[in-house]
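Trainee: Fold the following.
(2 chains)
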Amino acid sequence: MNRTWTSIALAAVLSTGCWATKKGFEVPGLAYGCPIGDAKVSSMDDLVKLKVVSEGKRTTIQPTEMRCTMTGDLLKIDANLNNDSSTVKRISYKFRWIDREGMRAWDEEAWKPLLIYDNSNLMINTVSPTNRAADFRLILRSQE
Amino acid sequence: MNDLVRPRRFALLPLLAALALAAGCATKEQTRYGDARAVETVTNQFGSTDLQMIAESMTRSMLQAPVIVSGNLPIVTVQEVRNKTSEYIDTRAITDSIRAELQKGGKVRFAVDAAAMNQQVEELKRQQSEYYAKEQAAQMGNMVGAQYRMEGNITSIVKQVKDVKDVYYKVNLQLWNIRNGLLEWSDEKEIRKTTTKG
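Mentor: Sure, this is the predicted structure:
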């Protein structure tokens, strides 16, 4: 009898553990709250690869973490940019908004210049300009 | 006769040489279309990138204000953004960009502002004239007043030493409830630009 209860308790603990590792993937089509469609995303690195695009001169700055949430019917995004070099880096970035059909949901944004100190992180955040935006890409380029 | 002509020929030579040099040194003018949304760093005066960044940052922030998230399509009128900097800035361009982006997002409606009121009234009066069909003409007294008014300031601090010029801009925008005078939303955007010579 005791052994049965121990097994049940163990199973419960294990399932809680599994739930914790699945955090961010509990809703189909979302990873860390960000829309991923049918893409296979099993880690933060996968999400970053899916969402970040480099255009123009390449930069060594990369997001290390991205999280999304809904504020009203708009998509709110936080992206942590990391500069692991020993020099100050200057980049510019913009978000590209995509609707449910994969079309552009908004005009091309302006490039926004950014300075990231050496061995530092910088959080950028934005909110979608319209509720038609169902997905996004973060576009980075070097301003060096 | 030959003796008289020869000196004149020699006198033309320096002139021709100068013309040839001037033609060689003259820079070729070239005009190209550029990216209107690129980062512009031609000078450290207020520029297109500053205008675009301010408009975008303020619009996205305002979209998260409770009065707009509530989804009741609040009616806003745009008032002045006061230029408290030492340089000329067309602050109307800032509010026009913010208004265009908010309007396009479909979350806010805009009532006619003070600057456009004269044109609005003139058009209403014109439609009341004998030239228009009475049943289709816009009637007096049907304009909708704004619930909120948007206003703000732009300030700057400029510091300059021999080879370094530092400009700091701060834009503050506010959304005031006209009925009760409450401040419903406010945000700031800061920009720093430093130019070094040599």
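Trainee: May I have the phi/psi pair for the residue of chain B found nearest chain A?
Mentor: Closest approach between chain B and chain A, counting by CB to the nearest CB: B:Gln52, at 3.6 Å. For the C-beta atoms, the positions are set from N, CA and C on the backbone; glycine is no exception. When read as degrees, to the nearest 10, the backbone of B:Gln52 gives phi -70, psi -40.
Trainee: Please name the nearest non-neighbouring residue to it.
Mentor: Here the nearest residue to B:Gln52 in space, its sequence neighbours aside, is A:Ala110; by CB to CB, 6 or more residues apart in numbering or on different chains that works out to 3.6 Å.
Trainee: Just give the number of residues close to the residue of chain A found nearest chain B.
Mentor: Per CB to the nearest CB, A:Ala110 is where chain A lies closest to chain B, at 3.6 Å. Using other CB atoms under 10 Å in any protein chain shown, A:Ala110 has 21 neighbouring residues.
Trainee: check contacts around it.
Mentor: A:Lys94, B:Arg37, B:Thr49, B:Gln52, B:Met53, B:Glu56 (CB atoms under 8 Å, 6 or more residues apart in numbering or on different chains).
Trainee: want to try TSV for these, with secondary structure as columns?
Mentor: Converted to TSV, the contacts of A:Ala110 look like this (DSSP: H, G, I helix; E, B strand; the rest coil):
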residue	secondary structure
A:Lys94	strand
B:Arg37	coil
B:Thr49	helix
B:Gln52	helix
B:Met53	helix
B:Glu56	helix
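Trainee: Contact residues of chain B facing chain A?
Mentor: B:37-39, B:49, B:52-53, B:56, B:59-60, B:63-64, B:69, B:71, B:101, B:104-106 (CB under 8 Å from any CB of the partner chain).
Trainee: show me what contacts the residue nearest the centre of chain B?
Mentor: Nearest to the mean C-alpha position of chain B, counting by CA atoms, centre = their mean, stands B:Ala93 at 2.9 Å. Contact analysis of B:Ala93 by CB under 8 Å, 6+ apart lists B:Leu51.
Trainee: Right, I'll call it a day here.
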